[in-house]
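J.: sequence first, then the predicted structure, then my questions.
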Amino acid sequence: MKINWGTGIVLAFVAFISFILYFVVRMSTDNSANHDLVTEEYYKQELAYQNEIDASKSALEMQAKLKFVKSEEGMTIFFPEKFDPKQITGIVSLYRPSNKHLDIDFPISLSKTHLLIPDNSLLDGRWDITVKWQYQGKTFLHKEKLVY
């Protein structure tokens, strides 16, 4: 059987289209290539971004800098000593960019000036930590990127 130019071109197009379709189907059904938004309610959070800016500015003005220390027990967050720890409330959000199933939220309930996040809750790798806390009606925000 002899293949002429026209048949060769058609076979090349069919092979190329099959090749592309194979990879499209493979990538859309493979869970390791799952591409999610950072949050489900992205636009709602974007509208509330000014509140985050104000809370970060409040933390700078009141010198409410948090300190993160890694230890064998886990990650310890130290709050400023000038604040009464029993009046501090809020939430610590741990965001894992590589896997949304590892995201964790911890409520802040202090008896001392520090909060311990247990080592078994944190895997090695990059974490985006957001601490949103209130003290005497004033809201503070601290964001930090850490490699654990």
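T.: It's in.
J.: could you list which residues are in contact with H142?
T.: For H142, the contacting residues are 56, 59, 64-66, 130-131, 133, by Cβ atoms under 8 Å, 6 or more residues apart in numbering. C-betas here are computed from N, CA, C, even on glycine.
J.: rerun at 6 Å
T.: For H142, the contacting residues are 66, 131, by Cβ atoms under 6 Å, 6 or more residues apart in numbering.
J.: do V92 as well
T.: 106, 131.
J.: the closest residue to L141 other than its chain neighbours and G90: what is the separation?
T.: In space, and not counting its chain neighbours, L141 is closest to A55: 3.6 Å by Cβ to Cβ, 6 or more residues apart in numbering. In this view, A55 and G90 are 10 Å apart by Cβ to Cβ, to the nearest Å.
J.: same question, E52
T.: Distance check for E52 against G90: by Cβ to Cβ, it reads 13 Å.
J.: which one's more surrounded, the two?
T.: Neighbour count, other Cβ atoms under 10 Å: between E52 and G90, G90 has more, with 20 against 15.
J.: ok, and the closest non-adjacent residue to L94?
T.: Sequence neighbours aside, I104 is the residue nearest to L94 in space, at 4.6 Å (criterion: Cβ to Cβ, 6+ apart).
J.: quick one on the thing from earlier: tell me which strands and helices the host helix or strand of the residue nearest to L141 is in contact with?
T.: In the assignment (DSSP states H and E), A55 maps to helix 49-61. Helices and strands touching helix 49-61, by 3 or more Cβ pairs under 6 Å, 6 or more residues apart in numbering; DSSP states H and E, are strand 138-147.
J.: quick one: distance of the strand it packs on to the chain centre.
T.: Relative to its parent chain, strand 138-147 has a centroid offset of 12 Å by Cα atoms, centre = their mean, to the nearest Å.
J.: what are the buried residues along that strand?
T.: When neighbours are counted by 16 or more other Cβ atoms under 10 Å, the buried residues of strand 138-147 are found to be 139-142.
J.: same thing with stretch 47-62?
T.: So stretch 47-62, judged by 16+ other Cβ under 10 Å, has buried residues 55, 59.
J.: export only the CA atoms of it, formatted as PDB.
T.: In PDB, the C-alpha atoms belonging to stretch 47-62 read as follows (Å, rounded to 0.1, in the frame of the first residue of the first chain):
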ATOM      1  CA  LEU A  47     -14.100  43.000  49.300                       C
ATOM      2  CA  ALA A  48     -13.200  42.800  53.000                       C
ATOM      3  CA  TYR A  49      -9.500  43.500  52.300                       C
ATOM      4  CA  GLN A  50      -9.600  47.000  53.700                       C
ATOM      5  CA  ASN A  51     -10.400  45.600  57.100                       C
ATOM      6  CA  GLU A  52      -7.300  43.500  56.900                       C
ATOM      7  CA  ILE A  53      -5.200  46.600  56.100                       C
ATOM      8  CA  ASP A  54      -6.700  48.500  59.000                       C
ATOM      9  CA  ALA A  55      -6.000  45.600  61.400                       C
ATOM     10  CA  SER A  56      -2.400  45.300  60.200                       C
ATOM     11  CA  LYS A  57      -2.000  49.100  60.700                       C
ATOM     12  CA  SER A  58      -3.400  48.900  64.200                       C
ATOM     13  CA  ALA A  59      -0.900  46.200  65.100                       C
ATOM     14  CA  LEU A  60       2.000  48.400  63.800                       C
ATOM     15  CA  GLU A  61       0.700  51.400  65.700                       C
ATOM     16  CA  MET A  62       0.300  49.600  69.000                       C
END
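J.: with that, I have no additional questions.
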